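Here you go, sequence then predicted model.
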Amino acid sequence: MTCRIGRISLCGQDYQNEKLKEFCEERGIPLADICSLLWDEHFGDELHPNDLGAKIIAETVFEALGALCDSRRERRIELDV
C-alpha cells in the first residue's frame, strides 16, 4: 500500500521526524508519533484527518500524555522516598 498524501506532504519531514524521535528517546520524553500511523484513508482531503484519522491522533496523543503523567508520578515517588 502506498501513501500518496502522507508521503507527498510529509516527504521532507521524514528526516526531522527521525531526529525528533531520537531527541525524545535520549531524554525520556514520550512522543506522539502520529506521522507514522496516518495513511491516505485517514484524511478527508490533503490536510485534514477524517473521523478515523482524528481517532488515531487522539488515541496516540492520549497515550503519550499518559506516559508523561506516569513518568512524572514515578519521579515524585522517587523524590519522596
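Ah, there it is.

Next SSE downstream of the lowest-mean-pLDDT helix or strand in the chain?
Least confident helix or strand of the chain, by mean pLDDT, DSSP states H and E, is helix 4-10 with a mean of 48. Scanning forward in sequence from helix 4-10 by DSSP states H and E, the next helix or strand is helix 14-27.

Show me what that following helix packs onto, helices and strands only.
If you count contacts as 3 or more C-beta pairs under 8 Å, 6 or more residues apart in numbering; DSSP states H and E, helix 14-27 packs onto no helix or strand. Placement of C-beta: from N, CA and C, glycine included.

which residues touch it?
If you take C-beta atoms under 8 Å, 6 or more residues apart in numbering as the criterion, helix 14-27 is touched by L10, I29, P30, L31, D33, C35, S36.

Would you agree the last one falls within a strand?
I take that to be S36. No. Looking at S36 with DSSP: H, G, I helix; E, B strand; the rest coil, it is coil, so not inside a strand.

Once you drop chain neighbours, what's closest to it?
Nearest residue to S36, sequence neighbours excluded (C-beta to C-beta, 6 or more residues apart in numbering): N17, at 7.6 Å.

Could you do the fifth one as well?
For D33, the nearest residue in space outside its immediate sequence neighbours is K21; the separation is 6.6 Å by C-beta to C-beta, 6+ apart.
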